[in-house]
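Engineer: can't give you the sequence, but here's the structure:
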Ligand code: EPU
């Protein structure tokens with residue numbers, strides 16, 4: 001079944017949207033439930049595909065997952081956890097990147113794990129070498145098998161002194177989820193310290209873990225023998241908030257994002273202000289709007305927290321096509337996160353990609369043939385076109401470009417957006433958008 005979304009552009013997005021728990025925390029907190037010996041409760045859970053994938057993976061491993069029909073809160077009871085049939089695990093190959101984080105918790109509760117080949121957005125190679133290296137350092141034996149990897153810890157898992165070559169979010173989470181029940185002390189240098197990681201640490205601390213975050217990206221974990229369940233409200237999705245903020249700017253609109261949290265968006269808000277966007281913060285959310293006048297170009301570099309997040313880059317590039325002058329964006333987290341600009345160029349955007357590091361600091365991708373810097377000249381009037389969505393954030397960027405464009409766009413592949421944006425079609429309609437979604441049988 002192929003769905004085609006028809007969007008008539010030229011309408012400012014006006015109104016209110018609510019964001020719920022972060023896509024980049026909720027599935028990981030769900031995995032953490034496997035580490036407890038009593039049920040866990042997770043609140044503020046969004047209805048997104050990654051949550052469905054992890055629910056299904058937990059269920060086939062014997063965790064009873066129940067959803068409150070009114071609040072959507074999840075209760076996860078791991079007391080009957082069991083090894084899952086590999087046929088059922090295989091069915092999840094390619095669905096998401098979260099399964100790799102099951103390694104530590106499954107080894108702690110069952111002594112072994114089989115992890116299907118990973119999916120996720122196509123924004124670079126996305127290797128798992130850091131994950132496998134830290135697991136080996138904990139004493140795990142990792143073997144590649146058809147359809148996935150098999151992993152066991154015949155001599156148990158023990159704490160280790162670790163250092164990541166790059167502050168990877170996923171590898172830091174891998175260490176946290178494995179070290180908290182490993183024997184002895186783990187010290188991780190070069191850790192990622194994104195707000196979603198701090199929230200995962202809060203979850204683990206509620207379960208009984210002993211984790212301290214020290215200066216200079218060092219995290220120290222004292223392993224404990226057992227953990228219990230948690231009751232936690234997930235932090236809001238700052239990437240969704242930033243996406244709606246860019247949508248307001250691109251369409252000359254005015255969107256109140258209920259749930260947006262200023263503290264997790266500091267770097268984004270500074271940039272938003274610098275390019276001419278306006279925002280008002282109150283206790284429940286943030287109003288983002290285009291205050292009129294020209295948007296200003298800027299030079300921007302993505303980076304790990306507390307820098308400007310790579311996930312904010314793609315929607316913001318659409319806003320930069322509307323700025324008066326030349327902007328430069330240097331993507332330093334993923335080597336291939338500008339593929340989405342091809343559709344923007346077909347819509348009339350003036351964007352050139354470069355292999356060089358066009359930023360103040362050379363990054364890992366310089367001299368390596370990756371088109372990871374973009375020069376964007378504006379303003380241009382975008383025109384509607386046919387678009388096939390390539391990845392989650394790139395796809396959202398295409399949607400907001402189509403909403404700002406002159407004429408009609410036909411968008412396919414919108415299922416990808418369900419991975420990370422809860423009920424986005426309903427939200428768009430609530431903001432006054434004229435869209436039509438048709439599904440044609442094959
Ligand atoms: N990397 C390696 N080897 C590894 C792991 C990572 O080389 O074993 C590299 C990656 O290829 C990348 C860099 O390290 O170049 C950073 O990757 P990281 O591990 O930090 O990313 P991730 O954990 O796979 C999460 C989010 C991404 C977000 C990044 C960066 C989830 C499920 N995904 O990915 O979110 O962009 O952190 O903050 O949490 C999105 O939401 O659209 C999204 C892609």
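Structural biologist: Nice, I can see it. Quantities reported herein were computed from a predicted structural model and do not represent experimental measurements.

Engineer: use CA for all of it now, contacts and neighbours both
Structural biologist: Noted.

Engineer: check what pLDDT residue 393 gets.
Structural biologist: We have a pLDDT of 94 for residue 393.

Engineer: next: residue 159.
Structural biologist: Looking at residue 159, its pLDDT reads 98.

Engineer: hmm, residue 176 and it touching each other?
Structural biologist: No. Between residue 159 and residue 176 there is no contact under Cα atoms under 8 Å: 10.8 Å.

Engineer: give me the distance from the lowest-mean-pLDDT helix or strand in the chain to the chain's centre.
Structural biologist: Every helix and strand in the chain was compared by mean pLDDT, DSSP states H and E; the lowest is helix 86-90, with a mean of 76. Computed by Cα atoms, centre = their mean, to the nearest Å, the chain-centroid distance of helix 86-90 equals 25 Å.

Engineer: that one packs against which elements?
Structural biologist: For helix 86-90, the packing partners by 3 or more Cα pairs under 8 Å, 6 or more residues apart in numbering; DSSP states H and E come out as helix 49-60, strand 112-116.

Engineer: against which helices or strands is the following helix or strand past the first one packed?
Structural biologist: Read in the C-terminal direction, the helix or strand following helix 49-60 is strand 64-67, with elements assigned using DSSP states H and E. Using 3+ Cα pairs under 8 Å, 6+ apart as the contact test, the elements touching strand 64-67 are helix 49-60, strand 74-77.

Engineer: can you list the buried residues in the longest one?
Structural biologist: Looking back up the chat, that one is helix 49-60. By 16 or more other Cα atoms under 10 Å, the buried positions in helix 49-60 come out as 49-51, 53-60.

Engineer: closest one of those residues to the ligand?
Structural biologist: Closest to the ligand out of the buried residues of helix 49-60 is residue 50 (8.4 Å), distances taken as Cα to the nearest ligand atom.

Engineer: pull the residues that contact the one helix or strand residue 271 maps to.
Structural biologist: Assigned by DSSP H and E, residue 271 falls within helix 266-274. Counting contacts by Cα atoms under 8 Å, 6 or more residues apart in numbering, the residues outside helix 266-274 that touch it are 242, 262, 278-279, 296, 298, 306-309, 312.

Engineer: looking at these, spot the one nearest residue 370.
Structural biologist: Distance to residue 370 across these (Cα to Cα) is lowest for residue 309, with 18.9 Å.

Engineer: residue 159 and residue 176 - which one has more neighbours?
Structural biologist: residue 176 (27 against 22; other Cα atoms under 10 Å).

Engineer: follow-up on the earlier one: can you pick the most crowded of the contacts of helix 266-274?
Structural biologist: Among the contacts of helix 266-274, residue 242 has the most neighbours (other Cα under 10 Å), with 24 neighbours.

Engineer: how about it: what's its closest non-neighbour residue?
Structural biologist: Spatial nearest neighbour of residue 242, chain neighbours left out: residue 312 (6.2 Å); criterion: Cα to Cα, 6 or more residues apart in numbering.

Engineer: let's verify that neighbour: helix, strand, or coil?
Structural biologist: Assigned with DSSP: H, G, I helix; E, B strand; the rest coil, residue 312 falls in the helix class.

Engineer: so it touches residue 239, yeah?
Structural biologist: Yes. Here residue 312 reaches residue 239: they are 6.4 Å apart, a contact under Cα under 8 Å.

Engineer: contact partners for residue 353?
Structural biologist: 338, 371-375.

Engineer: adjacent strands (with direction) for the helix or strand harbouring it?
Structural biologist: Using DSSP H and E, residue 353 sits in strand 350-354. If you go by DSSP bridges, strand 350-354 pairs up with strand 373-378 (antiparallel).

Engineer: spell out which residues of the chain are next to the ligand.
Structural biologist: 24, 125-131, 168-171, 310-311, 333-334, 392-393 (Cα under 6 Å from any ligand atom).

Engineer: whichever of these end up buried, select them in ChimeraX.
Structural biologist: Typed into ChimeraX, the line below selects the buried ones among the residues of the chain next to the ligand, using 16+ other Cα under 10 Å:
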select :24,130,131,168,169,170,171,310,311,333,334,392,393
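
Engineer: distance of the residue lying farthest from the centre of the chain relative to residue 129?
Structural biologist: Of all residues in the chain, residue 155 has its C-alpha farthest from the mean position, at 34.2 Å, by Cα atoms, centre = their mean. According to Cα to Cα, to the nearest Å, residue 155 stands 22 Å off from residue 129.
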